[in-house]
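Trainee: sequence first, then the predicted structure, then my questions.
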Amino acid sequence: MFAVAPMLDWTDRHCRYFLRLLSSRATLYSEMVTTGALIHGDVQRHLAFNDTEHPLVLQLGGSVPQEMAQCARMAQDWGYDEVNINVGCPSDRVQNNMIGACLMAHPDRVAECVDAMRQAVDIPVTVKHRIGINGRDSYQALVDFVGMVAEAGCEHFIVHARIAILEGLSPKENRHVPPLRYEVVQQLKQEYPHLQMTLNGGIKTLDECEEHLQTFEGVMLGREVYSNPWLLTEVDQRLYQDNNSLAPTSRSEVMLKLRAYIEQQVAQGVKVTHITRHILGIAQGFPGARRFRQLLSADIHRHENQLAVFDQAIEVLQGR
Ligand SMILES: Cc1cc2nc3c(=O)[nH]c(=O)nc-3n(C[C@H](O)[C@H](O)[C@H](O)COP(=O)(O)O)c2cc1C
């Protein structure tokens, strides 16, 4: 299984629509949505998605079992294929609310959430976590965490192969400063061969994916997909052996499909730039890439007719 990672502010529904144009098989994750935002906020804004986005996972941030169960039910009712608990995000803001990586110190609480959620829904409940947090980074603590959460019924763990440092590092630094330790996740997989494990962190190529898929049931890529989305066009064929894949063969083909989506979304009041901000990476590696980025990251904000700027960007990619 190949998944695109949940990324706050990045993997919103427009981004996911775009990514889905590139691979029909990759599993897509939402941004993290907190239980507070879902229970007290604008549900439509947080949960709406396009039918094409499946397979699609909603990632929840929270740790109060009955709230997590309530939100899991909402995810199921809205048609998500799976609900995932965020036990990996190190931000201070989330720590105060007992959300994210700090929960690695509370496996019992995560297990209670899994249990409550599983009783509330039929879709799979999965957990995305780190290999540890500062002060609690022994292998045994990791084994205990997974063991306890698995006992509550979680059968699929997505493991970001580095610890999170909860004080002193920003969320961004926490994605590259603590070293990647794939060997720890490999050992964990050996410990629990019956559990599904997806490896995450620092993976950049499909060659690497193929290698990791010898050991793990899944791989999850975040930043590389966002900065080089064209990578997705080989996923169906190479990782799913899907020879009938409808993956696009040219960037301009994708741009034209996206244009139709933009027109439809604009008619519903969405700003063009809310969609186009996610596609800057698609020209990566081409002579026109700079021009393409300039058009869609700068010029488009200065023009009234934003679709015309989008059309110029299509021209840059013509034939590519
Ligand atoms: C902009 C950004 C936002 C992120 N937001 C989330 C999030 O909401 N939930 C989560 O579990 N991880 C989040 N992450 C972490 C990614 O899901 C992933 O674990 C991490 O980037 C490592 O994978 P990569 O090296 O393939 O990018 C975020 C990462 C980035 C770059």
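Mentor: It's in.

Trainee: next up, the contacts around whatever residue of the stretch 151-300 of the chain ends up closest to the ligand.
Mentor: Of all residues in the stretch 151-300 of the chain, Gly222 sits closest to the ligand, at 2.9 Å by Cβ to the nearest ligand atom. Placement of C-beta: from N, CA and C, glycine included. Contacts for Gly222 (Cβ atoms under 8 Å, 6 or more residues apart in numbering) come out as Val4, Ala5, Pro6, Met7, Asn200.

Trainee: tabulate these (TSV), appending secondary structure and neighbour count.
Mentor: Output for those, formatted as TSV (DSSP: H, G, I helix; E, B strand; the rest coil; neighbours: other Cβ atoms under 10 Å):
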residue	secondary structure	neighbour count
Val4	strand	27
Ala5	coil	24
Pro6	coil	26
Met7	coil	18
Asn200	strand	26
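
Trainee: now, the most widely separated pair of those?
Mentor: Met7 and Asn200 (11.5 Å; Cβ to Cβ).

Trainee: how near is Leu307 to the ligand?
Mentor: According to Cβ to the nearest ligand atom, to the nearest Å, Leu307 and the ligand sit 27 Å apart.

Trainee: can you show me the CA trace of stretch 253-266 as CSV?
Mentor: This file holds the C-alpha atoms of stretch 253-266, laid out as CSV (Å, rounded to 0.1, in the frame of the first residue of the first chain):
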residue,chain,number,x,y,z
GLU,A,253,-3.5,16.6,-19.5
VAL,A,254,-3.6,16.9,-15.7
MET,A,255,-3.8,20.7,-15.9
LEU,A,256,-6.8,20.5,-18.3
LYS,A,257,-8.7,18.2,-15.9
LEU,A,258,-7.8,20.5,-13.0
ARG,A,259,-9.1,23.5,-15.0
ALA,A,260,-12.5,21.9,-15.2
TYR,A,261,-12.4,21.3,-11.4
ILE,A,262,-11.3,24.9,-10.8
GLU,A,263,-14.2,26.3,-12.9
GLN,A,264,-16.7,24.2,-11.0
GLN,A,265,-15.2,25.2,-7.6
VAL,A,266,-15.1,28.9,-8.5
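
Trainee: list the buried residues for that stretch?
Mentor: Neighbour-count burial for stretch 253-266 flags Val254, Met255, Leu258, Arg259, Tyr261, Ile262, Gln265 (criterion: 16 or more other Cβ atoms under 10 Å).

Trainee: could I get the average pLDDT for it?
Mentor: Confidence for stretch 253-266, expressed as mean pLDDT, is 96.

Trainee: give me the next element, helix or strand, following the helix or strand of the chain with the lowest mean pLDDT.
Mentor: Ranking every helix and strand in the chain by mean pLDDT, DSSP states H and E puts helix 92-96 at the bottom, with a mean of 63. Counting by DSSP states H and E, the next helix or strand C-terminal to helix 92-96 is helix 107-120.

Trainee: list the buried residues of that next one.
Mentor: Neighbour count says helix 107-120 has Pro107, Arg109, Val110, Ala111, Glu112, Cys113, Val114, Asp115, Ala116, Met117, Arg118, Ala120 buried, by 16+ other Cβ under 10 Å.

Trainee: check which helices and strands that helix is in contact with.
Mentor: When contacts are defined as 3 or more Cβ pairs under 8 Å, 6 or more residues apart in numbering; DSSP states H and E, helix 107-120 sits against helix 65-78, strand 82-87, strand 125-130, helix 139-151.

Trainee: 6 Å - rerun?
Mentor: When contacts are defined as 3 or more Cβ pairs under 6 Å, 6 or more residues apart in numbering; DSSP states H and E, helix 107-120 packs onto helix 65-78, strand 125-130, helix 139-151.

Trainee: could I get the ones you listed as JSON lines with mean neighbour count and distance to Trp230?
Mentor: Below are those laid out as JSON lines (neighbours: other Cβ atoms under 10 Å; distance: least, Cβ to Cβ, whole Å):
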{"stretch": "helix 65-78", "mean neighbour count": "20", "distance to Trp230": "30"}
{"stretch": "strand 125-130", "mean neighbour count": "25", "distance to Trp230": "25"}
{"stretch": "helix 139-151", "mean neighbour count": "17", "distance to Trp230": "34"}
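
Trainee: right, and those - which one's nearest the ligand?
Mentor: strand 125-130 (4.8 Å).

Trainee: packing partners of the closest one?
Mentor: Going by 3+ Cβ pairs under 6 Å, 6+ apart, strand 125-130 lies up against strand 82-87, helix 107-120, strand 156-160.

Trainee: against the ligand, how distant is Gln119?
Mentor: As judged by Cβ to the nearest ligand atom, Gln119 and the ligand stand 24 Å apart.

Trainee: give me every residue that touches that residue.
Mentor: If you count contacts by Cβ atoms under 6 Å, 6 or more residues apart in numbering, Gln119 has none.
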